[in-house]
Each structure stands twice: as C-alpha cells, then as structure tokens.
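Return a 3D structure for these sequence lines:
(one chain, ligands or ions: 1)
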Amino acid sequence: MEWPAASAETEFAKLRAGEDLGGTYQQRMLADVFWPEWLLNGEPGGNATFRLEPGTTTRFRFINGAANYLVVLRAEGLPMRLVMTDPGQYVEPTRVEAIRAAIGERYDFLVEVPAGAEPRAYRLTLSDDIGENTSVVGTVLVGGAEAPEPLDGSADPPPPRGTDEVSNTYGFPAPWRGQPAPPPSREVRLTLSGGDDPYKWGIDETYLEEPSVPLLLSGGQFGYKKDRVTLEKIGVREVVDLVFVNPTMMGHPFHLHGNEFWVMETWGEFPGSNVTASDPPQRRDTVQVPPKGGARIRVQSQNPGVWFLHCHVDFHLMAGMALVLQVGEPGEWPRPPAGTPVCGDAPGELLRLARAAPDLF
Ligand SMILES: [Cu+2]
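Numbers count the residues shown, from 1 in each chain. The predicted model follows:
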C-alpha cells in the first residue's frame, strides 16, 4: 500500500475543492494523488525483508491494498510461480516475471529455492502500470545473503511490459479445474462517469450515498433515495453479463462483495487493455476496467441479498462510484438465524417510522 501524505478524508476534501495533488498522468491518468512512498507489510523505505533457505518452498500472498495505484511487482529474476488469485481460486501453476495487481486483487505465488543455492539478495520492486515510479519495497535474502547497501529506495526502470509475462491479464493462466461459463440470459450495461473537474465519479451519472437504513434490513424498500443509489436486480442463479463501459481517462478496479464472477474480456485504447478470457475463464471478485475501454463480467449468484459493487480506488468510492447488486427478491433472502438479536420487527417498525417522518429517510 502507499504511505499516505495525509488521511484519505483530508485528501478527498482537497480533490473535491479542485486542488491538484500531483496525480500521475501519462496520456491516461494513473492516480488521483501522488503519494511518495510505499509500504510492504507495514515497512517503509524498502525495509521489508524475507529470509529463505535453500531446499525450501515458500508461499507468498501478494495483496494490493493501495488506495490509489495499480502496481506491478517484480523480484529481480527470482522465480515466482503463480498458483492462486482472488477469490481463492487455484490456477494452473505458471512461472511469471512480474505480477500486475489492481487495487483489491490478491495473488499467491511460490518461490522454490533449490538445495545448494548460492547466497543472493533479490530486490522486490513496485512500479505503476506504465513502468514509471519504480521503487524498492523489500528484499528476499536467500541462503544467508546480506541485505544490499545502500538501500535508498530507488531502482532501475523495469523492462518494458510484455503481455505474456505478467499475470492479471485475465487471459492466462487458466483456472485449475475451472468450469466453462454458462451463457447469459441478458446483459446490463454500466457506463462509468466522472473526472476531476469537478471531482466526481459514478456509474450511469449516479453517485451513491449510503442509505439511511441498511437495504438488507428494509427489504430494499426504503431508506435510500432512488436517484442516489443504483440498484441492479438479478434473479437467484440467473446468469447476467455486466458490461462496464469506461469512457473516462482512468482505470477502475471493480470489486463485488459476496459473490464471484467470470471475467470474459477487457478492452481499451492503451497497451495491455485488450484481453480475451482464458479457457475456461477465470473466476474473480475484482476486475480492472481499463481507461477508455471496458470489461465484461458474467455473474451467476446463488447468494440472495444485496451486495456492494464498487470501484476500489478509495477516492472514487468516496465520490460514489458504486452500486448495489440485488440478488433475488426480499422474500428469497435468508432470515437471521434463530436467536439473532434484532430490534423487534425491525423492517416493519422502520417502515412505520418512514411513513411518519419521510424526511428522515
Ligand atoms: Cu474508479
């Protein structure tokens, strides 16, 4: 994750006020706010250290917990074997030179150190999506190697980005024992909107505001303003394609709560955007929608209820780039288990209050 210069709330208020916070532009916009430092496992300054012994295999889980940046992780030639992606889906083990991770995505990889390996230090680096702003974020020390000095946080620029060496293109690797995606019954188009003048981000020109009553509690009936919440409804087990259309200059990592989806394709004007799904397609819970492009995901939910679908760039989420995916009708939603504390007949009571004082809702 990034080392923030200030809290997200503070920076968001400045963006809303039209301040330029050093966002990174390179034809498209890579980030809203420039934060000069990275943390790996909470360690700034490239100080995160991992010691591996010859004759061992270590499993790493790489989580992009950043607020702002898609990142590319490299390990100076250390063999990384990708074995799992979000949401805990095993993939065909694949040797990768780099891992490209959108915000919210997770990747597990194995590092095998052969018996008798010579001591050596491998620097872990992070770059943005176009290979700029490369920083050392940590070191892997093999066989008792010493950490390299000086460790000043700078690094050589990475090699140009290839298409077959970086994970998270959704085109490879294929899931391990994956299943083909069933055909969709219909398609829902979601047009992303927004920009920084004025600073606002939404879906179909709607900017989500949190309902005053949780939709799950109110049966999705009230407690929200319909022009402030986009509620897309799908049936339980219905197969629906959600098509993100992104005319904006930024990529948006969309994350769906409580469900998974197949990534069918992504496209866009910039390098690395155009990807056809692996065969069978990957099942994920996060997808990077490229700038000046789009993405098609296929949802089949067996999880009735209301679920959040949102851009994982913190500032975009705060601006309202989110919608609610309603799965099934309220009558199909699970009831709280027996013995769960509830406030009496909560939905009925809230409905009475809403009728008595509609301004509150
Ligand atoms: Cu976004």
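
Output the residue of the stretch 151-300 of the chain whose distance to the ion is smallest.
His252 (3.4 Å; CB to the ion). The C-beta positions use only the backbone N, C-alpha and C, and glycine is treated the same way.

gap between that residue and Ala277?
For His252, the distance to Ala277 equals 19 Å [CB to CB, to the nearest Å].

same question, Ser185
Distance from Ser185 to Ala277, by CB to CB: 19 Å.

Stretch 232-246 and the ion, are they touching?
No - counting by CB under 5 Å from the ion, the ion is not contacted by stretch 232-246; separation bottoms out at 8.9 Å.

tell me the pLDDT at Glu19?
Reported pLDDT at Glu19 in the predicted model: 80.

can you tell me which helix or strand it belongs to?
For Glu19, there is no enclosing helix or strand under DSSP states H and E.

so the residue of the stretch 151-300 of the chain closest to the ion makes contact with Ser193?
No - taking contacts as CB atoms under 8 Å, His252 lies outside contact range of Ser193: 10.7 Å.

what is in contact with those two at once?
Trp201 (CB atoms under 8 Å, 6 or more residues apart in numbering).

With neighbour numbers in mind, choose between these two.
Taking other CB atoms under 10 Å, His252 and Ser193 do not tie; His252 has more neighbours (25 against 17).

Let me see the contact set for the more buried one.
Listed by CB under 8 Å, 6+ apart, the contact partners of His252 are Leu192, Trp201, Phe244, Asn246, Gln288, Val289, Cys311, Val313, His316, Met321.

Let me know the helix or strand that the fifth one is in.
To tie it back to what came earlier, the one meant is Gln288. strand 286-289.

strands paired with that strand, and their directions?
For strand 286-289, the paired strands and their directions (DSSP bridges) are strand 252-256 (antiparallel).

my read: Thr139 touches Thr125, true?
No - assessed by CB under 8 Å, Thr139 is found out of contact with Thr125, at 10.3 Å.

so where do the helices sit in the stretch 151-300 of the chain?
Under the criterion DSSP state H, counting those that start in this stretch, the stretch 151-300 of the chain contains helices at 215-218.

Let me see the ranges of the strands in the stretch 201-350 of the chain.
For the stretch 201-350 of the chain, the strands defined by DSSP state E, counting those that start in this stretch cover 231-234, 239-246, 252-256, 261-268, 275-276, 283-284, 286-289, 293-300, 305-311, 322-327.

again with the stretch 1-150 of the chain
Secondary structure of the stretch 1-150 of the chain (DSSP E, counting those that start in this stretch): strands at 2-3, 22-26, 28-33, 37-38, 48-52, 56-63, 71-74, 80-85, 89-96, 98-101, 106-113, 120-127, 135-142.

and stretch 65-77 with the ion, contact?
No - shown here: stretch 65-77 not in contact with the ion (CB under 5 Å from the ion), separated by at least 10.1 Å.
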